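Asker: I need the structure of the sequence given here:
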Amino acid sequence: MKRARAGTLLLDEPTSSLDVSNAYETMHIIRKIVEDRGVGVIMIAHDLNMAIHLSDRLVFMKDGTVYKEIANDSVTEDIIRDVYNIDVRVVADSGKPYIVPKD
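Answerer: Residues are numbered from 1 along each chain as shown. From the prediction side, this is the model:
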């Protein structure tokens, strides 16, 4: 049985200026709080690969409006190109996508 959410955390770049190890530790602490206390999280994150792997859903913004809301495993090269104007490859590893810059 699903329990009711106990609240929502609003986080703006909680891993900004952290090295990779501390960024992942911070995100795992946040995820544990979510699981243990039943809270939801709305987070702004610019590290797309981390966001993909630690979230359930992604919302992409473009020109100040919501461009696309998708499941974390539905990221495509077209979405990244449209939002960020860069060419990338989206490759799968263990069923999850990774965004890799094209050469």
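Asker: what does stretch 15-23 contact?
Answerer: Contact partners of stretch 15-23, identified using C-beta atoms under 8 Å, 6 or more residues apart in numbering, comprise 26, 27, 45, 47, 50. C-beta here means a position set from N, CA and C on the backbone, and glycine is covered the same way.
Asker: now stretch 49-69
Answerer: For stretch 49-69, using C-beta under 8 Å, 6+ apart, the contacting residues are 15, 23-24, 27, 31, 43, 45, 70-73, 75, 79, 82-83, 96-99.
Asker: one more pass at 6 Å, please.
Answerer: With contacts defined as C-beta atoms under 6 Å, 6 or more residues apart in numbering, stretch 49-69 is touched by 27, 45, 70, 72, 79, 83, 96, 98, 99.
Asker: hmm, back to that, and the contacts of stretch 15-23, which of them are in helices?
Answerer: Using DSSP state H, 26, 27, 50 are the members of these that sit in helices.
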